[in-house]
Every structure is written in structure tokens, then in C-alpha cells.
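[1] I would like the atomic coordinates for the input below:
(one chain, ligands or ions: 1)
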Amino acid sequence: MISTKIIIAIDGFSSTGKSTIAKQLAKRLNYIYVDTGAMYRAVTLHAMNRNYVTSDFFDSTKLILDLDNIKLSFVFNPELGFAEMFLNGTNVEKEIRTIQVSKLVSKVAAIPQVRRKLVHEQQNMGKEKGIVMDGRDIGTVVFPDAELKLFMTASADKRATRRYKELLDRGDDVNYDEVLQNVQERDRIDSTRKDSPLIKAKDAVEFDNSDMGLEEQFDRIMSLVNDRITK
Ligand code: DC
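    You can find the predicted model right below:
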């Protein structure tokens, strides 16, 4: 029996628990975990800091001209057990998770030049395989030949409730309706944009986890993984 390293691509709507599952899988398999949403969020934070984007204004040309100056890196934090996002040498893990960034990220992620830069970096990270990557276009664009593709869904209400709790736990001042609206608006923009819209890859296995516990989900996914890595 030969055990081979594979690429696991996890796509799906926001707050479907992709990153929780991805982190668990990476830990169990001793694989690298890459949260591509964090990369789009970091580019958005940069655009906000430079005033290229606000709620009613977006100078995408300025952002495109500045893309070469945006250096993204993941630095593993052994205490947390996963890698944190750094933007031009600064840890931005907290700033990128705010509702302000969530409200603007889909606009920034729709720009083809932004996507091209990030997809290129993501493909480089997966060259050696042994990687779990989550996002919106991983199984369709970044790694169309990934050995295992998962597509996660859950009702908008369940997802908004999860995100709302996360934000409250972090001490953010948000209300549920605002979070639900953001989840629905991002679903709409992410699935209707021209460049790499969020769609399920033909060969992806779909998981609706509205009512599925984490343990059950993890066990089912691990059995799919074992099928792929032992030949
Ligand atoms: O996974 P997340 O919610 O942190 O992602 C933030 C946004 O980034 C999401 O609304 C869409 C965008 N995104 C994307 O377009 N492509 C990816 N591979 C990952 C995220």
C-alpha cells in the first residue's frame, strides 16, 4: 500500500465551516493549510488603508497599479496551530476578520488582476502537494486537478448565526441583521462575478452541513481522503 500526498480543495459559501474542517484535516494529515479568503481580505485591507475603496467608492485602477507592492505571507503560529496572515511584514490576522473588511472584500475579489496575482501565489504553494486549501475557486481554477474536491453549503441563516457568534466572541459591535445581509450580499457577488465565480466543480463532493455535526462531517471527509491517499 502506497500513501501519497494529495491536494484537498475546499470551496463553498462564506461561513460554511470550510476553515474549521480544513484546519482539522491539515493537522491530522500533517499538511499545510492555506486560507485563500485571508489573502483576498489582506488585499482589501491594503486597499482600505490606502483609500482605494470605501462603501461607496472603488478606484480599482489605483489598486491594480499598486498590486506589486502588496506582499502576502503566511507565518505559522505554533501556539494557535495554524498560519497567520501577514501583509507587508505586519500580522493582520485580526484586522482582516472585521465586518468592515467583509463588506468590501467581494468587490476587491472580483477584479481579475487581483485574482491572477493570488491564484499564481496559491498554485506555487501547492507545488509539493500535501496541502489543504479553502476558498471559492480552488477546485475550479486554482487546482482543477486536485485529488479531492469538497463543496460546502449551509442555509444562509445558519451561516449568519455562526458568523454573528464569532464576531461577538471577538468583541465586535455587530447586529445579526447586518451579518445576515453581508452573508447574502457576498453570496450574490461571489457567485455572479464574471471572473471565477463560486460554482461547484463537477467532480466535487457536496456537504450541506446545516444540520451536520463537525465530528460526523470530519469522519466522512477523512474516509474520502483515505480513499484517495492509499492506492
Ligand atoms: O472565505 P472568506 O469568507 O474569508 O473569503 C472572503 C471573500 O474573499 C469572499 O467573500 C470571496 C473572496 N474569495 C474569493 O473570491 N476567492 C477565494 N478563493 C477565496 C475568497
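
[2] report all helices and strands that the helix or strand Glu178 falls within contacts.
    Using DSSP states H and E, Glu178 falls within helix 176-192. When contacts are defined as 3 or more C-beta pairs under 8 Å, 6 or more residues apart in numbering; DSSP states H and E, helix 176-192 sits against helix 99-109, helix 156-169. C-beta coordinates here come from the backbone N, C-alpha and C atoms, glycine included.

[3] and the contacts of the last one?
    If I follow you right, that is helix 156-169. Outside of helix 156-169, the residues within contact range by C-beta atoms under 8 Å, 6 or more residues apart in numbering are 13-17, 99, 174, 176, 179-180, 182-184, 187, 210.

[4] ok, which residues in this structure are in contact with the ligand?
    Proximity of the chain to the ligand (C-beta under 6 Å from any ligand atom) is limited to residues 14, 36-37, 40-41, 105-106, 109, 135-137, 186, 190.

[5] neighbour-wise, which of those leads?
    Neighbour counts for the residues of the chain next to the ligand (other C-beta atoms under 10 Å) peak at Gly135, which has 29 neighbours.

[6] which residues does it bridge with?
    Note on Gly135: beta-bridge partners by DSSP bridges are Asp11.

[7] shouldn't it be in contact with Ser14?
    No - the pair Gly135 / Ser14 is not scored as a contact, 10.6 Å apart, by C-beta atoms under 8 Å.

[8] ok, now how distant is the residue lying closest to Val179 once chain neighbours are set aside from the ligand?
    Excluding the flanking residues, the one nearest Val179 by C-beta to C-beta, 6 or more residues apart in numbering is Tyr164, at 4.5 Å. To the ligand, Tyr164 is 14 Å away according to C-beta to the nearest ligand atom, to the nearest Å.
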